[in-house]
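Student: I would like the atomic coordinates for the input below:
(chains A and B)
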There are 2 protein chains.
Amino acid sequence: MRISVPATSANLGPGFDTLGIALDIRNEVIIKPAKFHSVSLKGEGSNNPKLKDNNMFISTFNDFHQNLCSQRQQFRFEFQNKVPLSRGLGSSSAVIISAIASAYAIEKIDIPSKKLLNLALSYESHPDNITPAVMGGFTVATIHDNEVFFIKKNMPKTLKAVVVIPNRPISTNHSRKTLPFKYSKEDTIFNVSHSSLLTAAFMSEDWRMLKKASKDRLHQYYRMKQMPELFAVQKVALRNGALMSTLSGSGSTFFNIVYEKDANRLVKKFEENFPHFKVLQSDFDNDGVIVED
Amino acid sequence: MRISVPATSANLGPGFDTLGIALDIRNEVIIKPAKFHSVSLKGEGSNNPKLKDNNMFISTFNDFHQNLCSQRQQFRFEFQNKVPLSRGLGSSSAVIISAIASAYAIEKIDIPSKKLLNLALSYESHPDNITPAVMGGFTVATIHDNEVFFIKKNMPKTLKAVVVIPNRPISTNHSRKTLPFKYSKEDTIFNVSHSSLLTAAFMSEDWRMLKKASKDRLHQYYRMKQMPELFAVQKVALRNGALMSTLSGSGSTFFNIVYEKDANRLVKKFEENFPHFKVLQSDFDNDGVIVED
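Tutor: Next up, the predicted model:
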């Protein structure tokens, strides 16, 4: 059995804990019944032997699998990870989603997307990464009584994502602590209106609106101050064809949308200006989690 | 020449100073060149003789007309007003928009919608009523450097608006003063996510999402406390088929969306429960300002 889940970029500027989008950069795991438990790990994280032993995927998988299956079973897990760790591209959401989906799939129990999302919510308290990881596409999500409510829109092939991945993380915990506890009415209304306009722009494919609508006053500045090169990344992006350029989740990756024709040029500009950062170009993903027998 | 402009309901719950929608309840003015200045006023406000003499329409019209026309001219103005005054249904936005549009139309100068909006912005500092008044439909708007940026979506005929208009106003100034100066991070994110989800629901016509998505934590409670019957109005609405039920602008009107088939029943329920309030049912308007020769 093969399960794959896409990387995701959350917030998209003003849509704090709300907006997210899925990228065609996927983590994959192949699971086979076996006599003994074993794990192989390739790609992102494979140079860290701790990850193999203390594996969040396997502990989450076991949490669910032992509830679904009375017999004790052993498996071989073969991970092929492409989502960078701790860089704001939803790697932990990808792990949680794929672990829960795998536990159900291995027992041949159908799990509706909405249920998968709500189960994932007990591991991830915000819906902005898990929703696009499950559904693909651009998503708007909120939570009522521990339930995710969301709307999804597919992304067209004519747009590409370009992500700039710094050589070090911003800690999510530290990053959240740097944010204000309260916001002025003006800043609050600023983000309400920008996140709403950005949502309307994605829903109506009005791409010219992305640049203005993606401005934020609630979190990006406070987080970017911890890695000031990110201000330069954003400037280079917006001067070289990016339709929008926002911090991915709580960082440190910067997420950019470009027309297909402008993607290579933007990648080259980033590589010239930030030689120690990794630059990836990808399609958007509209599938979300994929389970294959 | 005949100019008409629709009533509008702003905020729509979480979309503070951002979201708005146009109703097919219109103010109309007929303007004819004449030897002497004269005014007739029918409908809303006609029982108030002060409105005829100290007319915001005429002063705004004159501001623009004297800049567009070198000659001094006199007109007869015949107003037929259906938008209730000072009840949160955009009557002042309607006056400003129709006055500016009239000044241009009488000189046969085309004015693009975007320019009309930006001129209106110097009289109304928020874009949430003027945008649907000019454009019609459901609108999402924000301001950058004194310019309105917006996206519009037409409303279908299968939905109706039902508005409950109290017998007294809530003062807009007083109403704004009762609001907090600062908001917690939680309340801020609540409205960012709900306004965004509500926007996505309108854009994708996912009407089942309206009830959850239209919740607000920034302004309605503080304003409704000044007229506690409004909590009862909202409760009656949501128990009797309303897809959403929100304070209209800063009140005192309550705005409700229903499926066409449920409209009469909801009107009746409101009339039974709130006999001293006025209840109107209307289509949504997708035209905005209309100028006819």
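
Student: which parts of the stretch 1-150 of chain A are helices?
Tutor: A:49-53, A:56-68, A:91-106, A:113-120, A:127-135 (DSSP state H, counting those that start in this stretch).

Student: just want the angle from the last one to helix A:113-120.
Tutor: It stands for helix A:127-135. Orientation check (axes from the mean of the first three to the mean of the last three C-alpha atoms, to 10 degrees): helix A:127-135 against helix A:113-120 gives 140 degrees.

Student: got a list of contacts for helix A:127-135?
Tutor: A:5-6, A:8, A:10-11, A:15, A:17-22, A:90, A:92-94, A:96-97, A:113, A:116-117, A:120-121, A:124, A:138-139, A:141-143, A:148, A:150, A:152, A:249, A:288-289 (C-beta atoms under 8 Å, 6 or more residues apart in numbering or on different chains). All C-beta atoms are positioned from the backbone trio N, CA, C, and that covers glycine.

Student: any idea of the mean pLDDT in that helix?
Tutor: Mean pLDDT, computed over helix A:127-135, is 97.

Student: next one: the fourth one
Tutor: Mean pLDDT, helix A:113-120: 97.

Student: what's next to that helix, contact-wise?
Tutor: Outside helix A:113-120, the residues that reach it (C-beta under 8 Å, 6+ apart) are A:64, A:93, A:96-97, A:100-101, A:104, A:127, A:130-131, A:134-135, A:146-148, A:150, A:288-289.

Student: now residue A:8, which residues is it bridged with?
Tutor: residue A:22 (DSSP bridges).

Student: any figure for the gap between it and chain B?
Tutor: 16 Å (C-beta to the nearest C-beta, to the nearest Å).

Student: please apply the same query to residue A:130.
Tutor: 14 Å.

Student: swap in residue A:291?
Tutor: From residue A:291 to chain B the distance is 26 Å (C-beta to the nearest C-beta).

Student: equivalent analysis for residue A:188, please.
Tutor: When residue A:188 is compared with chain B (using C-beta to the nearest C-beta), they lie 5 Å apart.

Student: isn't that residue right up against residue B:186?
Tutor: No. Under the criterion of C-beta atoms under 8 Å, residue A:188 makes no contact with residue B:186, lying 11.6 Å away.

Student: those two: which has the busier surroundings?
Tutor: residue A:188 (26 against 10; other C-beta atoms under 10 Å in any protein chain shown).

Student: that one falls within a strand, correct?
Tutor: No. Under DSSP: H, G, I helix; E, B strand; the rest coil, residue A:188 sits outside any strand and is assigned helix.

Student: which residues touch it?
Tutor: Here residue A:188 is in contact with B:16, B:183, B:188, B:191, B:218 (C-beta under 8 Å, 6+ apart).

Student: pretty sure the second one sits in a strand.
Tutor: Yes. The secondary structure assignment for residue B:183 places it in a strand, going by three-state DSSP.

Student: okay, now it: neighbour count?
Tutor: Around residue B:183 there are 21 residues (other C-beta under 10 Å).

Student: pretty sure residue A:180 is one of the things it touches, is it not?
Tutor: No. The criterion here is C-beta under 8 Å, and residue B:183 misses it with residue A:180 at 10.5 Å.

Student: list the contacts of residue A:277.
Tutor: By C-beta under 8 Å, 6+ apart, the neighbours of residue A:277 are A:164, A:165, A:166, A:167, A:229, A:233, A:270.

Student: so which of those wins on neighbours?
Tutor: residue A:164 (28 neighbours).

Student: residue contacts, that residue?
Tutor: With C-beta under 8 Å, 6+ apart, residue A:164 has these contacts: A:233, A:237, A:253, A:254, A:256, A:270, A:274, A:277, A:278, A:279.

Student: contacts only, for the second one.
Tutor: When you say that, I think you mean residue A:237. By C-beta under 8 Å, 6+ apart, the contact list for residue A:237 reads A:162, A:164, A:245, A:254, A:256, A:266, A:270.

Student: pull out the buried positions in the helix or strand harbouring it.
Tutor: Using DSSP states H and E, residue A:237 maps to helix A:229-239. By 16 or more other C-beta atoms under 10 Å in any protein chain shown, the buried positions in helix A:229-239 come out as A:229, A:230, A:233, A:234, A:236, A:237.

Student: gap between residue A:290 and residue A:102?
Tutor: Using C-beta to C-beta, to the nearest Å, one gets 12 Å for the distance from residue A:290 to residue A:102.

Student: any regions of the stretch 1-150 of chain A where pLDDT drops low?
Tutor: A:51-54 (pLDDT under 70).

Student: need the residues of it near chain B, please.
Tutor: A:14-19, A:140-144, A:149-150 (C-beta under 8 Å from any C-beta of the partner chain).

Student: closest to residue A:47 out of these?
Tutor: Nearest to residue A:47 among the residues of the stretch 1-150 of chain A next to chain B is residue A:17, at 31.6 Å by C-beta to C-beta.

Student: which segments of chain A make up each domain?
Tutor: A:2-154+A:286-292, A:159-282 (automatic domain parsing).

Student: so which of those is nearest residue B:84?
Tutor: domain A:159-282 (25.8 Å).

Student: now that closest one: average pLDDT?
Tutor: 95.

Student: filter the contacts of helix A:113-120 to the buried ones?
Tutor: A:64, A:93, A:96-97, A:100-101, A:104, A:127, A:130-131, A:134-135, A:148, A:150, A:288-289.

Student: what's near enough to touch residue A:242?
Tutor: A:162, A:256, A:257, A:258, A:262, A:266.

Student: checking it next. Helix, strand or coil?
Tutor: When the rule is three-state DSSP, residue A:242 gets the label coil.

Student: so what's the backbone phi/psi at it?
Tutor: As for residue A:242, its main-chain torsions (degrees, to the nearest 10) stand at phi -70, psi 130.

Student: and residue A:272, how many neighbours?
Tutor: 9.

Student: need the contact list for the closest residue to residue A:231 other than its chain neighbours.
Tutor: Counting by C-beta to C-beta, 6 or more residues apart in numbering or on different chains, residue A:231 lies nearest to residue A:224, which is 5.9 Å off, once chain neighbours are set aside. Listed by C-beta under 8 Å, 6+ apart, the contact partners of residue A:224 are A:230, A:231, A:234, A:247, A:251.
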